[in-house]
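Student: prediction below, plus the sequence it came from.
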Amino acid sequence: MDIDAHAEELASALGEDKEEVKRDLENLLEYSVPIDEAKQSVRRKYGGGGGGGSGPTSVDIGDIGPDSGNVTVTARVLTVGRRSIRYQGDDTVIREGELADETGVVSYTAWQDFGFEPGDSVTIGNAGVREWEGEPELNIGESSSVAMESEPVAVPEGVSVGGERDLVDLRAGDRGRTVEVEVLEVEQRTIDGRDGETTIHSGVIGDETGRLPFTDWQAREAVVEGAQLRMEDVYVREFRGVPSVNLTEFTETAPASVEVSDEAPRVTIGEAVGSGGMYDVEVLGNVLEVRDGSGLIERCPDCGRLVQNGQCRSHGQVDPEDDLRIKAILDDGTATVTAILDRDLTEEIYGGTLEEALEAARDAMSREVVADDIAEKLVGREYRVRGHLSVDEYGANLDASEFEPSDDDPAARASALLTEVGA
Ligand SMILES: [Zn+2]
């Protein structure tokens, strides 16, 4: 490990600022103090174990806050995901996942292999607490201890031990997950990775609950179209606004038997927006408004972006191409989303082709008539919309693959809702 890695680990364990700890370490190293001795000394300065002072206190996980300092917890290991990280040319394997006791769940990062597996009950001594995206996270490092417990630690109701999840339940940031899926689409790509040109596979996987995009950074031969696989130790990150499943060098695959649903999971708009984006979902909502930029539009022939007065933002004056599109604001009472419909779906709703729309615009001497016609058909009515829901700084968009009048019986839906809320 280099000085940066030592400082990071020590700062995490102590719950102190990394730059300050690094400065202290560097000062000592300048006087040729050996690194181990330097770390002991810095640890003593900040009162973190290794002699005298008050040790970390045993706490319930539910009581841990970002400012808890150093703690000792007795917990069940829920998940263990491995990841290789690089500090200035040095590769280190870290372990990340979740721990739980009866009072709650907390994420952790372990900077070395303490040998625990999902399902183990352990007492972790002197773990540092740091804040990660507003939540406390435990850092288990060199100055921490891990002891196995023989009595299993209870976990909150509804919390599962192990990383098995359905695709619909995966969220960006999840680590150490296990899925059983069918590979629905694969393509090979060459990217500029941290070790130069690398071949990767990316595509779409599905199970009974949904579909998600994936990337296999190892381009395994087993990951081919139609393969049904158990994938152990994958992580999830956001890619283009939706969760994406990542297979790493630590992921193990094995044959599995999987049912794939043709249907997308039905979610509320609020749920999908709140989760930060969902791939291939179905929502039901009322069209509040057809936004500007709907109906007949003009696109740049080079980049496909919208042009105004023949001007593309990237390509200047161009000879634009006509297209049809709808941007409709949908509301289901929980949140709103802008559904974006391509030319095919727009032609269906408009009830005419692009050529017919252009003719109507010429007759009326206004391109607006097409959007007006579309608004008259859509606004105030309920639609079932399937597609990819992504969230960015401007709001939530639903890239529609299906857009149909709702055929749900309102009475049946009301009673289903009452059952759901337990009325
Ligand atoms: Zn352009």
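Tutor: Now that the structure is in, tell me what you want to look at.

Student: how many residues are close by the closest residue in space to P213 that isn't next to it in sequence?
Tutor: Of all residues not flanking P213 in the chain, S244 sits nearest, at 4.7 Å (CB to CB, 6 or more residues apart in numbering). C-beta here means a position set from N, CA and C on the backbone, and glycine is covered the same way. When counting by other CB atoms under 10 Å, one arrives at 21 neighbours for S244.

Student: quick check: beta-bridge partners of S244?
Tutor: R237 (DSSP bridges).

Student: so who does it touch?
Tutor: With contact set as CB atoms under 8 Å, 6 or more residues apart in numbering, S244 has these partners: 172, 212-215, 236-238, 279.

Student: measure it to the ion for me?
Tutor: Separation of S244 from the ion (CB to the ion, to the nearest Å): 28 Å.

Student: tell me the pLDDT of that residue.
Tutor: Note on S244: pLDDT of 95.

Student: how about the secondary structure of E221?
Tutor: coil (DSSP: H, G, I helix; E, B strand; the rest coil).

Student: isn't T336 up against E289?
Tutor: No - using CB atoms under 8 Å, T336 and E289 do not qualify as a contacting pair, with a distance of 9.4 Å.

Student: for R23, phi and psi?
Tutor: Torsion angles at R23 (phi, psi; degrees, to the nearest 10) stand at phi -60, psi -40.

Student: filter the contacts of S244 down to the buried ones, PyMOL style.
Tutor: The buried subset of the contacts of S244, as determined by 16 or more other CB atoms under 10 Å, is captured in PyMOL by this line:
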select buried, resi 172+212+213+214+215+236+279
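
Student: any chance of the contacts of S244 in CSV, with distance to V129 and pLDDT too?
Tutor: Output for the contacts of S244, formatted as CSV (distance: CB to CB, whole Å; pLDDT from 0 to 100):
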residue, distance to V129, pLDDT
A172, 23, 88
L212, 32, 95
P213, 34, 96
F214, 33, 97
T215, 32, 96
V236, 24, 95
R237, 24, 93
E238, 25, 89
Y279, 33, 91
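
Student: distance to E221 for the contacts of S244 - can I get that in CSV?
Tutor: As requested, these are arranged in CSV below (distance: CB to CB, whole Å):
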residue, distance to E221
A172, 28
L212, 21
P213, 20
F214, 16
T215, 16
V236, 23
R237, 24
E238, 28
Y279, 25
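
Student: from the contacts of S244, which is closest to E9?
Tutor: Set against E9, the nearest of the contacts of S244 by CB to CB is R237 (23.5 Å).

Student: OK, contacts around the closest residue to S275 other than its chain neighbours?
Tutor: What sits nearest to S275 in space, not counting adjacent residues and going by CB to CB, 6+ apart, is R171, at 5.9 Å. With contact taken as CB under 8 Å, 6+ apart, R171 is in contact with 236, 243, 275-276.
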